[in-house]
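*Asks:* Dropping the sequence and predicted coords here.
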Amino acid sequence: MPSVPAVPPSPPSPPSSRDALVAALRAAGCVFAEDEADLILATARTPAGAAAMAERRAAGLPLEHVVGWAEFRGLRIGVAPGVFVPRRRTEFLVERALAQAPGARVVVDLCCGSGAVGAALAAGLGPVELHAADIDPAAVRCARGNVAAAGGRVHRGDLFEALPGELRGRVDILAANVPYVPSDEIGLLPQEARDHEPLVALDGGTDGLDVLRRVAAEAPRWLAPGGCVLVETSRHQAPDAVAAFERGGLAAHLAVSEELYAHVVLGVRP
């Protein structure tokens, strides 16, 4: 009777795509490797696409730039390489703006980056006249896609110089997420921000308040009576930021979220 050749044992199953992605991301130092792998798999159209996205993430590209969007107050905000990624702590700025001016009808998102703040304000307020502005052309292109659903207009230029003159004295909410990192602290930022986000969106000058002071000085000319301007800052900068608003003739105070480690200075035109 002829012998029956032995059947070789089956090779061990290769790791699943998710396992491989998690391992690659964890090896690159991604703290939330499992969550990031799930997000990449949900976004990629093919396994090869997922592998390529994981490789870019492992190389240090911000996850939001890898997948092409960031979540902000329940919205999916498109982001592109070279555009500032909206932070969760900035949701507190939106929250305070909505609480201060729930009936706002004219909204400006200054230093808009991706336009996340403007889009979130429009979503919270309903129909508004929405304007956004940024000096960076990549940000302007990105923001146009994110505020289009709200009928927003995006302008390119340096702070208020970008805005249509017809807005003077009409703005109910002026949200200005200005850069506030002191110049000599840029090198201390996480690599994702330092290497992949525009310097103009991070560097606030010697003490971090250069742009904030310009906004505080000019904002009263653009606000409607009772209109408000809001900026994000750090804990140690907050007293000087409040003082800058008061020098501009605004009634100012500081709002803090310990949970989000967020500090927002709010100024109101009397």
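*Replies:* That came in fine, so what should we check first? Numbers count the residues shown, from 1 in each chain.
*Asks:* all contacts plus neighbour counts: C-alpha atoms, from now on.
*Replies:* Will do.
*Asks:* tell me the SS of residue 130?
*Replies:* At residue 130, secondary structure determined by DSSP: H, G, I helix; E, B strand; the rest coil is strand.
*Asks:* Any figure for the gap between it and residue 62?
*Replies:* 28 Å (C-alpha to C-alpha, to the nearest Å).
*Asks:* More neighbours: these two, which one.
*Replies:* Shown here are residue 130 and residue 62; by other C-alpha atoms under 10 Å, residue 130 has more neighbours (23 against 20).
*Asks:* pretty sure residue 79 contacts residue 114?
*Replies:* Yes: Residue 79 is in contact with residue 114 according to C-alpha atoms under 8 Å; the separation is 6.2 Å.
*Asks:* list the residues that contact both of those two?
*Replies:* 85, 142 (C-alpha atoms under 8 Å, 6 or more residues apart in numbering).
*Asks:* Can you tell me the element residue 24 falls in?
*Replies:* Assigned by DSSP states H and E, residue 24 falls within helix 17-27.
*Asks:* I'd like the mean pLDDT over the next helix or strand after that helix, please.
*Replies:* The C-terminal neighbour of helix 17-27 among helices and strands, as given by DSSP H and E, is helix 33-43. Across helix 33-43, pLDDT averages out at 88.
*Asks:* just checking, what packs against helix 33-43?
*Replies:* On a contact count with 3 or more C-alpha pairs under 8 Å, 6 or more residues apart in numbering; DSSP states H and E, helix 33-43 meets helix 17-27, helix 47-58, helix 63-67.
*Asks:* Hmm, residue 37 and residue 21 touching each other?
*Replies:* Yes: using C-alpha under 8 Å, residue 21 makes contact with residue 37 at a distance of 5.8 Å.
*Asks:* Pull up the overlap in contacts between the two.
*Replies:* Joint contacts of residue 21 and residue 37 (C-alpha under 8 Å, 6+ apart) are residue 54.
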